[in-house]
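A.B. asks: my questions are about this predicted structure, shown below with the sequence.
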Amino acid sequence: MPYSVLGEGECLKELEPFANGAKEFKEIPRTQRYLNRPKLEELFSRRMERDKGWRNQKITEAVRDWGYSQREIAGFLGMHYSTVSRIWRRTSLSTSKSKT
């Protein structure tokens, strides 16, 4: 993750309330919109090797909720970005159908 002039750890936790709602503002750089997002290592665990459905849900969560690019996720998981894109598309479509 790039260095942040806002600080790290506890300092970011203190600033988090001021950033509420910033995810919707595309004018704000991603690194500032998602001040306290979990690292990919925290989102994905060994469980994904055994449970692809869980992995696919985590891919969707990382893109939708935490602002990770599909390319970032693909690089971390050792997958091609088009594979991650297909997984994300299928999972997000099935999630939106189940809500209606």
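C.D. replies: Received it, and whenever you're ready, just let me know what you need. In this text, all values refer to a predicted model and were calculated from it rather than measured experimentally. Residues are numbered from 1 along each chain as shown.
A.B. asks: just the endpoints, please. Distance across stretch 54-73?
C.D. replies: Stretch 54-73 has an end-to-end distance of 15 Å (C-alpha to C-alpha, to the nearest Å).
A.B. asks: please, which helix or strand holds Thr60?
C.D. replies: Secondary-structure assignment from DSSP states H and E places Thr60 in helix 52-64.
A.B. asks: packing partners for the very next helix or strand once past that helix?
C.D. replies: Using DSSP H and E, the next helix or strand after helix 52-64 towards the C-terminus is helix 70-77. For helix 70-77, the elements it packs on are helix 40-43, helix 52-64, helix 81-99, judged by 3 or more C-beta pairs under 8 Å, 6 or more residues apart in numbering; DSSP states H and E. Where you see a C-beta, it was placed from the backbone N, CA and C, and this is true even at glycine.
A.B. asks: out of the ones you listed, which is closest to Arg33?
C.D. replies: When the helices and strands packed on helix 70-77 are ranked by proximity to Arg33, the top entry is helix 52-64, at 13.4 Å, counting by C-beta to C-beta.
A.B. asks: got the angle for that closest one vs helix 81-99?
C.D. replies: What separates the directions of helix 52-64 and helix 81-99 is an angle of 90 degrees, with axes from the mean of the first three to the mean of the last three C-alpha atoms, to 10 degrees.
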